[in-house]
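Chemist: Whatever this is, show me its structure:
(2 chains)
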Amino acid sequence: MTALHPIRILIVAALLALLCAPAEARSLQRLTTPAGIGIWLVEDHGIPIVAVGFAFRGGSVEDPPGKEGAGQLVSAMLDEGAGPYDADAFKDKLEAIGSQLTFSVSRNAFSGGLVTLTKHLDASADLLGLALREPRLSEDDFERAKAREIAALGFENRDPERVAFREFSAAAFAGHPYARPVKGTPGTLAALTLADIRSQRDRLIARSQLHVVMVGAIDAAKASQLADDVFAKLPAGVARTPVPPVALKPMAKVVASPNVQGLETAVFALPMPGLGDPQFFAALTLNHVVGSGNFDARLTRELRVKRGLTYSVATQISADAASSIMLGVFSTQPGKMDEALDALRTTFADLQANGPGTTELENAKSGLNGAYLLDLETSARLADHLLGLWIDGLDADYGEVRKRGVDAVTKADADKAAQALLDPTTLSILVMRPGAAR
Amino acid sequence: MLAAAAALMLGLGAGAAMAEAEAPVGKVTPFTLGNGLQIVVIEDHRVPVVTHMVWYKIGSIDDPQGASGLAHLLEHLMFKSFDAEAKESFAQIMSRLGAVDNATTGPDSTNYFQRVAKERLADVMAVETRRMSGLTLKEDQVLVERQVVREERRSVFESDPVKMLAEQMMATLYENHSYGRPPIGWAHEISQLKLDDALTAYRNFYIPANAVVIIAGDVTPPEVRLLAAQTYGTINVDRQPPPRLVTAEPEPIAARRVEMTDGRVPQPTLFRYYLTPSYRSATGLQAESLDILTAILGDGETSRLHRAVVTGAKAAVGVSAHYFGEGRDSGRLALFAILPGDGDLGAAEREVDRVIADLLKTGITEDELARAKAGIEARTIIESDNQKRLAALYGSALAVGRTVDDLIDAPNRLARVTKADVEAAAAAFLARQRSVTGVVAPPPQEAKP
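Modeler: Now for the predicted structure:
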């Protein structure tokens, strides 16, 4: 019922290290199909299921200005009937075999996932291919999907931290595509037309932007044939304009929201070195020291264990090609926010001045490397993870690179990085309080 | 699946082909130590990782009257120093081991888990052995932790009107059983919880004879037997836990209603709970029948509720149904509908009731039965991909007194369910007087300019 230290953060950078013994493992295969589609395949016959993940680079950042949520609505429409099947018949086919097909959009990718029993792989892949190539996109289904997405957006607002993250992005990244809401707003969704969705689908579903991952009871020949059947006939699409880099500036902002009652939520962030920066792994290690969410993390100790100010405080490095920040969140009761923010700043100031303790640093490194694999609990999550690496421009062996990078962080490296990065005066903070909507 | 993740560790392309053992996943071996501790090994040799869980048969239903939230507070306190002499805190040990760990408290049981590289299993078992036998606590730790739990209630539960509605509905559904009290505790009682009461609960319930350990992953039963003898087996506590209070619900005679107004919910939302048996308390194939009934009613977009209420009448934008059958003494079948912002709760409720009345009158079809079974079968296989979930399935079931044989037999029991079984379960449990209806909606809008 009640979890101890849930770490719920929106954008998880692709950060993984690997800890298990190589002798036990199967290898990842990189395939290129006859039609030229790239696949990362992890073959494993332990359980008779297959997870197929795929992503087209270019997600909500491709939403035209004023049409935020267009990509989200495309994701909601693809399984609303396709090819010879109307929406009911399509879902009937899928549910009769218990296969799970999902589409989703993030800032930088339009993605999908299929999880199916191996014995239903062909039937499921046929349906996936139809959804991508020949979705019905009928007016009636569109209105229903739109109403559902608007409702879902409102329903998500029950989570104050989610609302606070959105407010934070809007303020901290103002003027950049990352400031725009990934799933749109009730207003932008309501204004979207079926024509918008058709053109957004044409923009997003582009073979030149595709990458495919398969995990499970499937061999290379079958994977290759399946990918060609599903994806080869998609239009090539146009090249993407890279998302411009965005820097985080110090900010102290208070917003009122009707979505919070009886508590206040703070989102805070610091600029971090980019994915390719030599100091990145030191930053990653420091993030673990500061805000892993474990009981020995600095912020948990100071805000929760010592002072009882919050239930959960955690930070994460959110890094991609355009941005790299340490992003954290906590909630506390009204009247305690100033005390909590003081403790937060003092914690950063102390680490900046003194760096982490020797044991603390070593524990953070083993914790960071140890926890990596353990979070990839299912085939589908592994497939998602691999796709995330690809979207971020990293290779499938990034886990190894990351593990070596973290292992190599010395006390001197950590001290130097702390000195440079953990300056409390560079904190960007947004506090959300109960109040009327703006 | 982790096997796959482990693949990445290879430094790709090394191509070490692993000789495939037969059935690498799913062999279940139970045994019991001399001190009464039950242990279950679930083999999963795909990757060198283990999931270790300790389930104690104490939950919020064991909280004394006036001290709701005690079992949950004790769960928090278990992360404090378990040993005055310890050089490392529990958290530091977990970090050093590279473990992912957490704990949860439910109505019937409390569970602690770690996921860790298999070489670290012995360390984890040693630490949990110390926690099972040597917790020491100071008053000031309890005072701070009560505040933390109060913050947890505030930020995780009270911040969400739908969770508050569910809490109210549970309090209404259960007129006699302590399932009606929230596991986290009522706010006014959390701040009154006492160190002594927590320590009493610890002494009474945190003993080998009252616990179940699940170890899932790349281990064999002989390895686990050896480690268990060296760790848990050294706890010489031969007492039994105190008897747990078992209260039964009176036969329900009145449909009940809970209504909330909350500006944080832009969409009117409708819930319905029906009081049912659980897998543990059911007779015959009632629980399996309820699972199938739930799938037919509200699982996916081909379900009866979705087709009638969402696609047909357009009275809601989403519906779903869930059967909560894991409890020791009772279960519930839950229906949920989310409406558009300008939706009419009365109309949506009438549509839901029409679907149920129709099902009660005309029954289900053989095709629906077959589809529901296929769906549940596929989901079961797909979920066995998740080692932690599999371990939790066994742990939560054994903690309420179900058996390993019972779980292994589950697919056979599901296959035996007939159309008549499902219709009988519907007739018995989808009666209005067994239900609580809950609605939450934004306050009536002023006319906008």
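Chemist: now the residue of the stretch 1-150 of chain B at minimum distance from chain A, nearest residue through space, not along the chain?
Modeler: The stretch 1-150 of chain B approaches chain A most closely through residue B:98 (1.7 Å), counting by CB to the nearest CB. For every residue, glycine as well, the C-beta is placed using N, CA and C. Leaving out its chain neighbours, the residue that sits closest to residue B:98 by CB to CB, 6 or more residues apart in numbering or on different chains is residue A:370, at 1.7 Å.
Chemist: just to revisit the earlier point, so the residue of the stretch 1-150 of chain B closest to chain A sits against residue B:117, correct?
Modeler: Yes. Using CB atoms under 8 Å, residue B:98 is in contact with residue B:117, at 6.6 Å.
Chemist: Could I get the full set of strands for the stretch 301-438 of chain A?
Modeler: A:314-319, A:324-332, A:428-434 (DSSP state E, counting those that start in this stretch).
Chemist: can you give me how far the shortest one is from the chain middle?
Modeler: By that I understand strand A:314-319. Distance, stretch centre to chain centre, for strand A:314-319: 11 Å (CA atoms, centre = their mean, to the nearest Å).
Chemist: Please apply the same query to stretch B:133-151.
Modeler: Centroid displacement of stretch B:133-151 relative to its chain, using CA atoms, centre = their mean, is 25 Å.
Chemist: Quick check: mean pLDDT of that stretch?
Modeler: The pLDDT scores in stretch B:133-151 average 89.
Chemist: who touches it?
Modeler: Stretch B:133-151 is touched from outside by A:304-311, A:331-333, B:69, B:72-73, B:76-78, B:80-84, B:184-185, B:187, B:190-191, B:193-195, B:198-199, B:202, B:206, B:235, B:237, with contacts defined as CB atoms under 8 Å, 6 or more residues apart in numbering or on different chains.
Chemist: Which other helices and strands does the host helix or strand of residue B:114 contact?
Modeler: For residue B:114, the host element (DSSP states H and E) is strand B:110-117. Packing partners of strand B:110-117 (3 or more CB pairs under 8 Å, 6 or more residues apart in numbering or on different chains; DSSP states H and E): helix A:358-374, strand B:49-56, helix B:70-77, helix B:90-97, strand B:100-105, helix B:121-133, helix B:387-399.
Chemist: isn't the residue nearest to residue B:98 right next to residue B:116, touching?
Modeler: Yes. The pair residue A:370 and residue B:116 passes the contact test of CB under 8 Å, sitting 7.2 Å apart.
Chemist: and for the two, which residues touch both?
Modeler: B:97, B:98, B:99, B:100.
Chemist: Spell out the secondary structure type for residue B:302.
Modeler: Secondary structure assignment for residue B:302 (DSSP: H, G, I helix; E, B strand; the rest coil): coil.
Chemist: number of nearby residues for it?
Modeler: 21 (other CB atoms under 10 Å in any protein chain shown).
Chemist: That one and residue A:87: what is the separation?
Modeler: Residue B:302 sits 10 Å away from residue A:87, going by CB to CB, to the nearest Å.
Chemist: ok and the residue in the stretch 251-400 of chain B nearest chain A?
Modeler: Closest point on the stretch 251-400 of chain B to chain A, by CB to the nearest CB, is residue B:378, at 2.5 Å.
Chemist: so that residue is in which element?
Modeler: Counting by DSSP H and E, residue B:378 is part of helix B:366-383.
Chemist: on that earlier part again, count of neighbours near the residue of the stretch 251-400 of chain B closest to chain A?
Modeler: Neighbours of residue B:378 using other CB under 10 Å come to 22.
Chemist: Tell me who's in contact with it.
Modeler: Here residue B:378 is in contact with A:97, A:98, A:99, A:116, A:117, A:120 (CB under 8 Å, 6+ apart).
Chemist: do the same with residue A:192
Modeler: A:67, A:69, A:70, A:73, A:146, A:184.
Chemist: For the fourth one, which non-adjacent residue is spatially closest?
Modeler: Yep, that's residue A:73 we're talking about. The nearest residue in space to residue A:73 (CB to CB, 6+ apart) is residue A:197, at 5.4 Å.
Chemist: how much space between that neighbour and chain B?
Modeler: 17 Å (CB to the nearest CB, to the nearest Å).
Chemist: And that residue, how far from residue A:381?
Modeler: Applying CB to CB to residue A:197 and residue A:381 gives a distance of 29 Å.
Chemist: Just say helix, strand or coil for the closest residue to chain B within the stretch 51-200 of chain A.
Modeler: Residue of the stretch 51-200 of chain A nearest chain B, by CB to the nearest CB: residue A:98 (2.5 Å). Taken by three-state DSSP, the conformation at residue A:98 corresponds to coil.
Chemist: Can you tell me the closest non-neighbouring residue to it?
Modeler: Residue A:98 sits nearest to residue B:378 (CB to CB, 6+ apart), 2.5 Å away.
Chemist: Also residue B:185?
Modeler: Nearest one to residue B:185, counting by CB to CB, 6+ apart, is residue B:69 at 1.9 Å.
Chemist: Could you list which residues are in contact with the one you found?
Modeler: B:60, B:63, B:149, B:182, B:183, B:184, B:185, B:186, B:189, B:190, B:193.
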